[in-house]
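> Can you look at this prediction? I've put the sequence above it.
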Amino acid sequence: MAITTKENQKLYIYFLKIIAIYMVLFNHTGNAGFVLFTVAHDSKLYAFYLFNAILIKIAVPLFFMTSGALLLGKDESLKHLLQKRFLKYVVILFVGSAISYLYSSLRQHSAPLSITYFFKTLYTSRLANAYWYLYTYLAYILTLPLLRRLARAMTNKEYWWMIVLHGLINSLSIIEFLIWKGSASHNGSFSLFITTNYIFYPLTGYFIDQRLRKEQFTKKNFLLLLALSFVAIAICCVMTQYRCTLIDEWQESSCQTFFNTLIFIPTLTVHYGANMYFFKYRPHPWIAQAIFVVGQTTFGIYLFEDIWRNETQFVFTFLKPIIHTLPACWIWIVTACFLGGIVTMGFKKGFNALKSIG
C-alpha cells in the first residue's frame with residue numbers, strides 16, 4: 001500500500017508515536033530498567049541510568065504534542081466531536097478496561113472478579129496502570145473546541161510567552177526545594193492553566209507544526225535545543241539525587257518529584273528535530289512505509305501494554321544473567337512492542353475484512 005502525499009507530510013508524527021510508545025512501556029519496568037538507578041548506586045553507569053529515567057518522561061508529552069499537531073487545525077462541529085471522538089474513546093476505555101480487568105483477574109489473580117468492583121473502579125480510578133492517559137484524553141477532547149480557538153488566535157509571541165511561563169512556573173519547584181528542602185512551596189492558588197499537560201503540549205505541538213516557518217528549522221537551532229535539553233535533564237538528575245539522598249528514600253513512587261520539572265525542553269526538542277528531519281529529508285519508500293505501518297499500531301500497543309509486557313517478561317528473565325540488566329530490559333520492551341504491534345495489525349486486518357463483507 002503506497003503512502004499518500006498527505007500521509008507523507010505527517011510521517012514525522014508516526015515516527016514520534018513509535019518513539020513514545022516504546023518509552024511508555026519502558027516507563028513501567030520499575031527497577032528492571034526505568035528506575036534502575038535506585039538499586040544501582042555503586043554502578044559506574046549510575047549517572048546514565050538516572051539520565052535515562054528522566055529522558056523517558058518525554059513519552060506522554062510527545063503523544064499530546066502529536067495530537068495537537070493533528071487535531072487543533074481541524075474544523076468539526078460539536079456534534080461530530082462528541083459522537084465521533086468523545087463517545088469513541090468512552091467505548092474504547094470501557095472495552096479496554098474490561099479486557100484488562102479480566103486479564104488481571106483470571107490470568108494474574110490480582111483483582112477480585114466482581115461487576116460492582118469493575119464499575120466502581122472504572123468510574124473512580126482505573127483498571128490498567130496506563131489508563132490515566134485515556135481519562136485525561138477524554139477531558140482533552142471536550143476542551144478541543146476551546147483549544148482550537150486559542151491555538152488559532154494566539155500570536156507567535158504569545159506562544160513563546162506561554163513556553164516561558166511554563167518553564168518559570170515549573171522551575172519554582174526547584175528553587176523552593178533548594179530553599180526549604182520540601183517543607184514549603186508557593187501558594188497553591190497561584191497556578192497557570194497552561195501548565196496542564198493536555199493544554200500546554202497540544203498547543204506547542206500545533207505551534208511547531210503550523211506556526212514555525214520552514215526556514216526556522218535549522219541545524220543550529222536544533223543543536224541549541226539539544227544543548228538546552230541536556231542541561232535541563234542534568235538539572236533534574238542533580239535535584240533527584242539531592243532530594244533522594246536528603247530524605248533517604250529511593251522508591252519508584254517517591255523518587256520522581258523532579259522528573260517532569262524541565263522535561264518540556266527535551267520534548268519540544270525531539271518534536272522539533274523530527275519535524276525538521278522529515279521535512280528536509282525524504283526517507284527511502286520502504287522505510288517510510290515501515291514507519292507508517294508501525295505508527296498505526298501504537299494505540300493498540302498502548303491499550304494493552306501491561307499484557308504485552310507481562311507476557312514477554314520471560315525475555316528479560318532469560319537475558320538478564322547473560323547480558324547487562326538494562327540491555328535485557330531494552331530487548332524485553334522491544335519484544336513487547338513487537339507482540340503488541342503484530343496483534344494490533346492482525347486485529348485491524350480482521351476488522352477491515354469483516355467490514356468489507358458487511
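Received it, and whenever you're ready, just let me know what you need.
> Quick check: closest non-adjacent residue to Ile235.
Leaving aside its chain neighbours, Ile235 sits nearest to Leu262 (6.1 Å; criterion: Cβ to Cβ, 6 or more residues apart in numbering). Bear in mind the C-beta positions are built from the backbone N, C-alpha and C, glycine included.
> Quick check: pLDDT value at that neighbour.
pLDDT, Leu262: 98.
> I'd assumed Ser171 was in contact with it.
Yes - using Cβ atoms under 8 Å, Leu262 is in contact with Ser171, at 7.3 Å.
> More neighbours: those two, which one.
Leu262 (24 against 14; other Cβ atoms under 10 Å).
> From Ile233, how far off is the more buried one?
Leu262 is 7 Å from Ile233, where distance means Cβ to Cβ, to the nearest Å.
> For these two, list the residues in contact with both.
Counting by Cβ atoms under 8 Å, 6 or more residues apart in numbering, Leu262 and Ile233 have no common neighbour.
> which SS class is Cys255?
Following DSSP: H, G, I helix; E, B strand; the rest coil, Cys255 is assigned to coil.
> Need the pLDDT of Pro283.
So, for Pro283, pLDDT stands at 88.
> Work out for me the element Leu55 sits within.
Assigned by DSSP states H and E, Leu55 belongs to helix 46-55.
> Could I get the average pLDDT for that helix?
Mean predicted confidence for helix 46-55 is 97.
> list the buried ones in it?
Tyr49, Leu50, Phe51, Asn52, Ala53, Ile54, Leu55 (16 or more other Cβ atoms under 10 Å).
> continuing past that helix, what's the next helix or strand?
Following helix 46-55 toward the C-terminus (DSSP H and E): helix 59-71.
> which parts of that following helix are buried?
Ala59, Val60, Pro61, Leu62, Phe63, Phe64, Met65, Thr66, Ser67, Gly68, Ala69, Leu71.
> could I get those residues as CSV with pLDDT and distance to Asp248?
Output for those, formatted as CSV (pLDDT from 0 to 100; distance: Cβ to Cβ, whole Å):
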residue, pLDDT, distance to Asp248
Ala59, 97, 29
Val60, 97, 29
Pro61, 98, 30
Leu62, 98, 33
Phe63, 97, 34
Phe64, 98, 34
Met65, 98, 36
Thr66, 97, 39
Ser67, 97, 40
Gly68, 97, 40
Ala69, 96, 43
Leu71, 97, 45
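> so which of these comes closest to Thr116?
Val60 (30.9 Å; Cβ to Cβ).
> ok, the nearest residue to the closest one once chain neighbours are set aside - contacts?
Spatial nearest neighbour of Val60, excluding adjacent residues (Cβ to Cβ, 6+ apart): Tyr133 at 6.2 Å. When contacts are counted by Cβ under 8 Å, 6+ apart, Tyr133 touches Val60, Phe63, Tyr302.
> swap the cut-off to 10 Å and go again
Shown in contact with Tyr133 (Cβ atoms under 10 Å, 6 or more residues apart in numbering): Val24, Ala59, Val60, Phe63, Phe64, Arg126, Tyr140, Asn197, Tyr198, Tyr302.
> Name the SS class of the last one, please.
With three-state DSSP as the basis, Tyr302 sits in helix.
> so it touches Val24, yeah?
Yes - judged on Cβ atoms under 10 Å, Tyr302 makes contact with Val24 at a distance of 6.1 Å.
> could you point out where the stretch 1-150 of the chain is predicted with low confidence?
Applying pLDDT under 70 to the stretch 1-150 of the chain flags the ranges 1-9.
> Quick one: the helices in it, in order.
Secondary structure of the stretch 1-150 of the chain (DSSP state H, counting those that start in this stretch): helices at 5-9, 11-26, 46-55, 59-71, 78-80, 87-102, 115-124, 132-153.
> Against Ile194, how distant is the residue nearest in space to the middle of the chain?
Residue closest to the average C-alpha location in the chain (Cα atoms, centre = their mean): Val60, at 1.7 Å. In this view, Val60 and Ile194 are 17 Å apart by Cβ to Cβ.
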